[in-house]
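Participant: with the sequence up front, the predicted model follows.
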Amino acid sequence: MLVLGAAHHHPLHGTPPRQGPALGRYWKPSASFSLSGKERTSIHKRFLMISLSGVDMERFADEADVVIVGGGPAGLSAAIRLKQLAEQQGRELRVCVVEKASQIGAHTLSGACLEPSALTELFPDWKERGAPLNTPVTEDRFGILTEKHRIPVPMLPGLPMNNHGNYIVRLGHVVRWLGEQAEALGVELYPGYAAAEVLFHEDGSVKGIATNDVGIAKDGSPKDTFERGMELHAKVTIFGEGCHGHLAKQLYRRFNLREECEPQTYAIGLKELWVIEEKNWKPGRIEHTVGWPLDRHTYGGSFLYHLNEGEPLVALGFVVGLDYQNPYINPFREFQRWKHHPSVAPSLAGGSRIAYGARALNEGGFQSLPRLTFPGGLLIGCSPGFMNVPKIKGTHTAMKSGMLAAEAVFHKLTDENLASPTAGVHVPEYEVSLRASSVWKELHSVRNIRPSFHNPLGLYGGMIYTGIFYWIFRGKEPWTLKHQGLDATQLKPAKDCTPIEYPRPDGKISFDLLSSVALSGTNHEHDQPAHLTLLDDRVPVEKNLAVYDGPEQRFCPAGVYEYVPLESGDGMRLQINAQNCVHCKTCDIKDPSQNINWVVPEGSGGPAYNGL
């Protein structure tokens, strides 16, 4: 049983789509997708009845100079920088940004403590422009938790988590503000449109993207509201989808972009926003912890940020590395348990929780960076993964990557002597400039901190390594440590692990999962094909449940997956409650069978975060 939940489709910018000349061809799945056979089946079966129904399948196309997929910090920074350069040089440049969220910033979730270096470079006058950076960091605290105590650790200058000069922000509000600046410069923003396909020229270079069809029923048949998606063609397409983008997955395979790097490794981050009692509010304070409730061999930690937004707000969250081994770990319940620690609960006592969300984070860093360019396109931001893990920051590096991409693309497209060997323009200069930038230097210097965790001492060994080789030698050691491989391969069989007994939520400090998801504003059109597809329907019960006791029902932070008895009473089946999905991509990452393939639902579906 698939339970789906009520987005709406609207034309681009509230007007009928700009219709270029009719393409005069009908949709052919093999012309647009670069997927394995099983993946192609899992997606294309959603459209089977349409292709046989006699419905007009013509899809209109529009042309731009640059199309950007993803309206997050990286994508918007790229768009802004492109238009700034065009304005400075008196050039006409059409830049389009497509974003699957209903509003710019509605799918953005981060801690967030922002290092303002890239923002200052993009807009030196960001304060005068009213950028929502309202809380400069005034106090930095770090501790190791045991079950009952907190051991303070001095935050010395030069340590990666030192936040002097940074700002506590609600990143969704910053992204919304960036969107306003982009529109003022003439960038075309198309929120509510999900880029569903990568399009290719006959020579194999990227041609652009297509938004997904809407008005398709669960069974794949067209509804009265059926509309074909639209093709957006460009000389260069910039992919800034965020962590574990579903189009980037196709591009990695199509162009073999990961052949010279390690597999990406991830974490899941869960976050809540609270209004607390004013006596407990310390605007500008940042608190991080490691240790309890996780054991020393499970990577993770917490944050608690005191915002100064006119009311006593705190943002708090918990991060768990997805290379954990015990299938009984439930990241959401670890988060709820952490809030009851004696050093945390007093800050929340008497307060009220007003928002919840979750997302995956890239943690592979320098070792896991793929090749970034290919004919017709390039990758920016958290899609390839520029997060500085020990800093717990990736917004400034994502923005900088977008700006560097914009500069390389602009210079390429405005070169009067340009003679591209492919229809889609290749911009290898972007990767050259990024390797010479502060982003590359920063990620290289911290490259060994995350993998140093994998030692007999776990957390404590990693902290010792950081103290010696980063704080003293600044990451100049002549070796590079390796990660342990795909997160999906790290789980041990359930028979080899001890189940974890989590305390029941008290409804004051800790809460159940479904009431939490309700605070995310998540919604999806009820009658549409599931966007959480299984390559083989038999695998969940025969492997995941039998060997790992169904870990997807625990690692999902939204209650999407649950095993329920068959109606016959003989055995179990996996039920997918796709309407709950907060688009974190954890299932696609951590599924030990790699049987779950996340694809985009209709545009505007998903969470509706307000400044997370």
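Facilitator: Looks like it arrived, so ask away.

Participant: check contacts around the residue nearest the centre of the chain.
Facilitator: By CA atoms, centre = their mean, the chain has its centre lying nearest to C243, at 3.3 Å. C243 makes contact with 266, 359-362, 382-383, 385, 585 under the criterion CB atoms under 8 Å, 6 or more residues apart in numbering. Any C-beta I mention is one placed from the backbone N, CA and C, and that applies to glycine too.

Participant: same check on F226?
Facilitator: By CB under 8 Å, 6+ apart, the contact set of F226 is 50, 55, 213-216.

Participant: which of those fall in strands?
Facilitator: Secondary structure assignment by DSSP state E places 214-216 of these in strands.

Participant: for the one helix or strand I286 maps to, packing partners?
Facilitator: According to DSSP states H and E, I286 maps onto strand 285-291. Applying 3 or more CB pairs under 8 Å, 6 or more residues apart in numbering; DSSP states H and E, we find strand 285-291 packed against strand 139-145, strand 300-306, helix 459-465.

Participant: quick check: which of these is nearest to A494?
Facilitator: Among the helices and strands packed on strand 285-291, the nearest to A494 by CB to CB is strand 300-306 (20.7 Å).

Participant: can you pull the buried residues of the closest one?
Facilitator: For strand 300-306, burial by neighbour count (16 or more other CB atoms under 10 Å) applies to 300-306.

Participant: by how many degrees do that strand and strand 139-145 diverge?
Facilitator: Using axes from the mean of the first three to the mean of the last three CA atoms, to 10 degrees, the inter-axis angle of strand 300-306 relative to strand 139-145 is 150 degrees.

Participant: now do the helix or strand that strand 300-306 is followed by: distance to the chain's middle.
Facilitator: Next along the chain after strand 300-306, taking DSSP H and E as the criterion, comes strand 313-321. Distance of strand 313-321 from the chain centroid (CA atoms, centre = their mean, to the nearest Å) equals 16 Å.

Participant: would you mark the buried spots in stretch 405-418?
Facilitator: For stretch 405-418, burial by neighbour count (16+ other CB under 10 Å) applies to 405-410, 412-413.

Participant: got a pLDDT number for H44?
Facilitator: Confidence at H44, expressed as pLDDT, is 43.

Participant: scratch that, T15 is what I was asking about
Facilitator: 35.

Participant: over to I464?
Facilitator: 89.

Participant: same check, this time on P157
Facilitator: 79.

Participant: burial of it, as a residue count?
Facilitator: Number of residues near P157 (other CB atoms under 10 Å) recorded here: 7.

Participant: ok, now L566?
Facilitator: 10.

Participant: again with E334
Facilitator: Neighbour tally, E334, other CB under 10 Å: 22.

Participant: check A608 too.
Facilitator: Neighbours of A608 (other CB under 10 Å): 18.

Participant: next, the nearest residue to it once chain neighbours are set aside: phi, psi?
Facilitator: Among residues not flanking A608 along the chain, G521 sits closest, at 3.2 Å (CB to CB, 6 or more residues apart in numbering). Dihedral pair for G521: phi 70, psi 20, per degrees, to the nearest 10.

Participant: ok, G521 - contacts?
Facilitator: Residues near G521 by CB under 8 Å, 6+ apart: 607-610.

Participant: switch the cut-off to 10 Å
Facilitator: 102, 106, 355-357, 582, 606-610, 612 (CB atoms under 10 Å, 6 or more residues apart in numbering).

Participant: can you check K235 too?
Facilitator: Contact analysis of K235 by CB under 10 Å, 6+ apart lists 63-67, 206-208, 376, 409, 412-413, 418, 420, 423-425, 427.

Participant: so of those, which ones are in strands?
Facilitator: Going by DSSP E, the strands hold 63-67, 206-208 from those.

Participant: how far away is the residue nearest to L159 when sequence neighbours are not counted from I449?
Facilitator: Leaving aside its chain neighbours, L159 sits nearest to W471 (5.8 Å; criterion: CB to CB, 6+ apart). Using CB to CB, to the nearest Å, W471 is found at 10 Å from I449.

Participant: the more surrounded of the two?
Facilitator: I449 (22 against 14).

Participant: got the phi and psi for the more buried one?
Facilitator: I449 adopts backbone torsions of phi -70, psi -50, taken as degrees, to the nearest 10.

Participant: number of nearby residues for G310?
Facilitator: Neighbours of G310 under the rule other CB under 10 Å: 7.

Participant: surely it meets N134?
Facilitator: Yes - if you go by CB atoms under 10 Å, G310 and N134 touch, sitting 8.3 Å apart.

Participant: residue ranges of the strands in the stretch 401-550 of the chain, please?
Facilitator: Here the stretch 401-550 of the chain has its strands, by DSSP state E, counting those that start in this stretch, at 532-534.

Participant: residues in contact with P136?
Facilitator: 116, 163-168, 283-284, 308.

Participant: redo that, cut-off 7 Å
Facilitator: P136 is in contact with 167, 284, counting by CB atoms under 7 Å, 6 or more residues apart in numbering.

Participant: model confidence score at it, please.
Facilitator: pLDDT, P136: 98.

Participant: Y460 now?
Facilitator: 85.

Participant: my guess is it contacts H297. True?
Facilitator: No - under the criterion of CB atoms under 7 Å, Y460 is not in contact with H297, lying 10.5 Å apart.

Participant: take the helices and strands packed on strand 285-291 and lay them out in CSV including distance to Q484.
Facilitator: Shown next, in CSV, are the helices and strands packed on strand 285-291 (distance: least, CB to CB, whole Å):
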stretch, distance to Q484
strand 139-145, 23
strand 300-306, 15
helix 459-465, 13
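
Participant: out of the ones you listed, which comes closest to Y193?
Facilitator: Minimum separation from Y193 across those (CB to CB) falls at strand 300-306, 32.2 Å.

Participant: pull out the buried residues from stretch 432-451.
Facilitator: Those would be 433-434, 439-440, 442-451, for stretch 432-451 by 16+ other CB under 10 Å.

Participant: stretch 159-174: end-to-end distance?
Facilitator: 26 Å (CA to CA, to the nearest Å).
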